[in-house]
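S.K.: Let me see the structure of the following:
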Amino acid sequence: MEREEFSTVIYAPKEKVWRVLWGEDTYPVWTSYFSDGSRAESDWKEGSRVVFLNAKNEGMISKIARREENRYMSFEHQGFIDAEGREDLESEQVKKWAGATENYTLKEEDGKTKLIVDMDMDDAYKDHFREVFPQALNRVKELSEDKTLN
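M.R.: Got it, this is the predicted structure:
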């Protein structure tokens, strides 16, 4: 497992960037780069479960390890869920990366927000994330800078 970091500077307040990242309407837009039909099911509270799903209802099970409104969100990945809703929290495949974290940090200065994502990355997905994460963050930037979105 390797730690990787991605970042972008966004000309919008951190509160708006936060809403774009975790908003019900905007989350599926920027995460579509990872998988078509991407969505998250959660109450978005610290300690809560998050299920990240694709269009086939497959995905990851995580928990919100830490949440600081408009500043920081940390996910701890725990397992997989298949299209039939079966959860896998104990297989050898899951044990290889269970406990991996994915962290979103927002730092505002002079009307700009720096969004930094750092995450533990399994070798099998490294190339994929290195390709699509910059595209996804660019979409977060576009949505956050869009004056028609509140």
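
S.K.: use CA for all of it now, contacts and neighbours both
M.R.: OK.

S.K.: Now do the same contact list for D36.
M.R.: 54-55 (C-alpha atoms under 8 Å, 6 or more residues apart in numbering).

S.K.: hmm, I was thinking of E46
M.R.: 64-67.

S.K.: hmm, try it at 10 Å
M.R.: 63-68, 73-75 (C-alpha atoms under 10 Å, 6 or more residues apart in numbering).

S.K.: Out of those residues, who's the most crowded?
M.R.: F75 (24 neighbours; other C-alpha atoms under 10 Å).

S.K.: Would you mind pulling up the elements that the strand or helix carrying it packs against?
M.R.: For F75, the element it lies in under DSSP states H and E is strand 72-81. Strand 72-81 is packed against helix 14-22, strand 49-53, strand 59-68, strand 87-88, helix 92-95, strand 101-109, strand 112-121, with contacts defined by 3 or more C-alpha pairs under 10 Å, 6 or more residues apart in numbering; DSSP states H and E.

S.K.: Out of the ones you listed, which is closest to A40?
M.R.: strand 49-53 (4.5 Å; C-alpha to C-alpha).

S.K.: Point to the helix or strand of the protein where mean pLDDT is at its lowest.
M.R.: Ranked by mean pLDDT, DSSP states H and E, the weakest helix or strand in the chain is helix 92-95, scoring a mean of 88.

S.K.: Give me the below-cutoff pLDDT ranges for this protein.
M.R.: For the chain, no stretch is flagged by pLDDT under 70.

S.K.: Relative to the whole chain's centre, how far out is the longest helix belonging to it?
M.R.: Here the longest helix in the chain is taken by residue count, with DSSP state H as the criterion, and it is helix 126-145. On the basis of C-alpha atoms, centre = their mean, to the nearest Å, helix 126-145 sits 10 Å off its chain's mean C-alpha point.

S.K.: Now do that helix against strand 112-121, angle only.
M.R.: Interaxial angle, helix 126-145 versus strand 112-121 (axes from the mean of the first three to the mean of the last three C-alpha atoms, to 10 degrees): 160 degrees.
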